[in-house]
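**Student:** Test case, fold it:
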Amino acid sequence: MKAILFDRFGGTEVLHQVDIEVPQPGPGQVRVRVKAAGVNALDGKIRSGALQALFPTPLPAIPGHEVAGVVDALGEGVKDVNVGEEVLGWSDTGSYAQYALATTLATKPAGLDWQHAVALPVAGETAERTLNLLGVTAGETVLIHGAAGAVGTLAVQLATARGARVIGTAGPANQEYLASLGATATLYGEGLVERVMALAPDGVDAVLDVAGKGALEDSITLRGGTERIVTVADFRAHQLGITFSNTQERSAARLAALADDAATGKVVTVVTAYPLAQAATAQQVSDTGHVRGKLVLTLD
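**Tutor:** As a prediction, this is how the structure comes out:
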């Protein structure tokens, strides 16, 4: 099979396409013929070697943690999935490949295409987990840093669905986009505290940082302390007494419900797609940290 691989840490130039053996599913696993693979900021950080202490990665390695495709083979003991079933979920092996192994999958609704399906597993789980950690409820105001990205896009919609008001930060090009999702949009960067205070004179009840671009100090100022601030992207969190959340809570049932909402238009996702051979280009874009919605790789 064709796969994107890196055998040393570094920039996107270390990514290259290879032909390797098709993986065989073990007990409890299924093999998926990949139709789309998600590209996440974490992929580039692992590729660079910056996260070896947190996510030790043996080399060579295939990037990618989420997959959408067709079940191709079943491992021993698998009874709830059938060969030929269209699925989405988290990959056990790298998903930048024609085939990947997986254990936690949901059935893909017929009305959801491959690209939008693969935008859901990581971003949806992260958004739901962090909003739960923050305890966001109806009538509250939540500030989301980096609200235009894949996680932010879903977090804005899930928070507003709970009845919360969302103030979302993004660059100038994404202000109208955030408004279309139901957020009150504002610019990140210098003067953020004053802008948010003008939008929310009574203060913000919770802060979610998915940008990791130095907004934690402003968040502490706006909250008047470190309570109810969660980041998934700023590794200085512990130094500041802020919760850093990176423990995934994978649930096929919750993913299936989110996929149904996406298929019916209740939840909106925005994707930018690249063919598998352009994985390095997709990661270059991801590494900039200025992505609207989700980056995905497509396969035939």
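
**Student:** tell me which element the one residue sitting closest to the centre of the chain is part of?
**Tutor:** The geometric centre of the chain, computed from its C-alpha atoms, lies nearest to A123 (CA atoms, centre = their mean), at 3.0 Å. A123 belongs to helix 121-134 when elements are defined using DSSP states H and E.

**Student:** just how off-centre is the next helix-or-strand element following that helix within its chain?
**Tutor:** On the C-terminal side of helix 121-134, the closest following helix or strand by DSSP H and E is strand 141-145. Relative to the centre of its chain, strand 141-145 is centred 17 Å away, using CA atoms, centre = their mean, to the nearest Å.

**Student:** contacting residues around Q284?
**Tutor:** Q284 makes contacts with T12, as judged by CB atoms under 8 Å, 6 or more residues apart in numbering. The C-beta positions use only the backbone N, C-alpha and C, and glycine is treated the same way.

**Student:** Regarding it, what is its secondary structure?
**Tutor:** Q284 falls in the helix class when you classify it by DSSP: H, G, I helix; E, B strand; the rest coil.

**Student:** hmm, back to that, against which helices or strands is the helix holding A123 packed?
**Tutor:** Of the remaining helices and strands, those touching helix 121-134 by 3 or more CB pairs under 8 Å, 6 or more residues apart in numbering; DSSP states H and E are strand 86-91, helix 150-161, strand 206-209, strand 229-231, helix 252-264.

**Student:** Now for E249, how many residues are close by?
**Tutor:** E249 sits with 11 neighbouring residues when counted by other CB atoms under 10 Å.

**Student:** Check the gap between it and I4 for me.
**Tutor:** Applying CB to CB, to the nearest Å, the value for E249 to I4 is 28 Å.

**Student:** thinking again about what came up before, the helices and strands packed on helix 121-134: which one's closest to I242?
**Tutor:** Go through these one by one with CB to CB and the one that ends up closest to I242 is strand 229-231, at 5.0 Å.
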